[in-house]
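Visitor: Make a model of this:
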Amino acid sequence: MNVKPRVLSVAPMIDWTDRHCRRFHRAISRHTWLYTEMITTGALIHGDRQRFLAYNSEEHPVAFQIGGSEPAALGQCAKWVEQAGYDELNLNVGCPSERVQKGAFGACLMAEPSLVADCVKAMRDACTLEVTVKHRIGLDYDESEQMLYDFVGKVSEAGCQTFIVHARNAVLKGLSPKENREIPPLRYAVVKRLKEHFPQLQIVLNGGIKTVEDIHQHLQWADGCMIGREAYTNPWLLSHFDCIVTGQAEQTPSRESVIEEMRQYAFAQLAQGETIRNITRSWLGLFHGQPGGRLYRQVLSDATRLKNNSWDVVSEALQKVAVAV
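Guide: Numbers count the residues shown, from 1 in each chain. As a prediction, this is how the structure comes out:
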């Protein structure tokens, strides 16, 4: 089956979309495009590179998101990412945190399209992976769209064909990353006009997408939708994604079959020294809106139970659901 990439994807989210979370999402959906947390060039060059590049083979298709602004460093890291076997390399030009700005990358790079173009060229020269860029629609409180067109136009000249666009401005001073996801208004019409302006480019929409209805509406004009927080708090949303991506009736897994698949994964990870808390923290929303869902979540996040570091906490959480049903 020829599946078009990035029709639906889960956003890279720091501290959330680690390899355990991605493996869990893959158990729910076979075709959703997955992204790592943002990893900086400095972390790869000076840190525990093998740990930062690690993923599960079942995660494909999986993209590596990188943060940085030095073309030479990004080129070196691109080689490592390709050698590790990832399916895509994504440059973060959207993170608004002040810590990221001090590193001179993230959303502040939108003001430097020539530098971003140099970064993209360096990565494309160093590897054969598709290099994509994730960014905002503007900076601070400037709602003119010329900066956006200049940015996308310049970066596309360097060979980037796919832009993942969070439909909010990034406010660089005075708002926290959490406030930056909520206070600047969503302006989907700006991204739609961007697609009309650059019809030859792949434009993937990100920001505030929460339902299957939202997705169908946006896919009438966007090349794809990237889901952020909702995929984490309500992961069962992903169970609808394969049908949307393939256009065919796909067999939807049951929550129980997902847990059974993840049980085998969890035992293997526990044997390697991982903690049950790290493995299961992305599972808390699995029964979101279902009978017993609140009790399931309470048990699975209970620090005392988690200290035992065994599968028993999951069994007990599932028991709460069974009783409620």
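Visitor: Listing request: residues of the chain with sub-threshold pLDDT.
Guide: For the chain, applying pLDDT under 70 flags the ranges 1-3, 99-103.
Visitor: how's it carved up into domains?
Guide: Here the domain parsing of the chain from automatic domain parsing is 8-246, 255-324.
Visitor: Any buried residues in stretch 73-88, and which?
Guide: For stretch 73-88, burial by neighbour count (16 or more other CB atoms under 10 Å) applies to 73-78, 80-82, 86-88. In this view, the C-beta of every residue, glycine as well, is placed from N, C-alpha and C.
Visitor: er, stretch 241-261 actually
Guide: By 16+ other CB under 10 Å, the buried positions in stretch 241-261 come out as 241-246, 250, 253, 255, 258-259, 261.
Visitor: Over to stretch 283-300?
Guide: 283-288, 292-293, 295-297, 299-300.
Visitor: Repeat that for stretch 29-40.
Guide: Neighbour-count burial for stretch 29-40 flags 29-40 (criterion: 16+ other CB under 10 Å).
Visitor: Please verify my assumption that C243 contacts A249.
Guide: Yes. The criterion here is CB atoms under 8 Å, and C243 meets it with A249 at 6.3 Å.
Visitor: How about the nearest residue to D223 once chain neighbours are set aside: which residues does it bridge to?
Guide: Closest residue to D223 apart from its sequence neighbours, by CB to CB, 6 or more residues apart in numbering: Q202 at 4.5 Å. Counting by DSSP bridges, Q202 is bridged to T162.
Visitor: Quick one: residues contacting Q202.
Guide: Neighbouring residues of Q202 by CB atoms under 8 Å, 6 or more residues apart in numbering: 6, 161-163, 223-224.
Visitor: before we move on, back to that, winner for burial among the domains of the chain?
Guide: Most buried of those by mean neighbour count (mean count of other CB atoms under 10 Å) is domain 8-246; its value is a mean of 19.
Visitor: and it, how far apart are its ends?
Guide: End-to-end distance for domain 8-246, by CA to CA, to the nearest Å: 11 Å.
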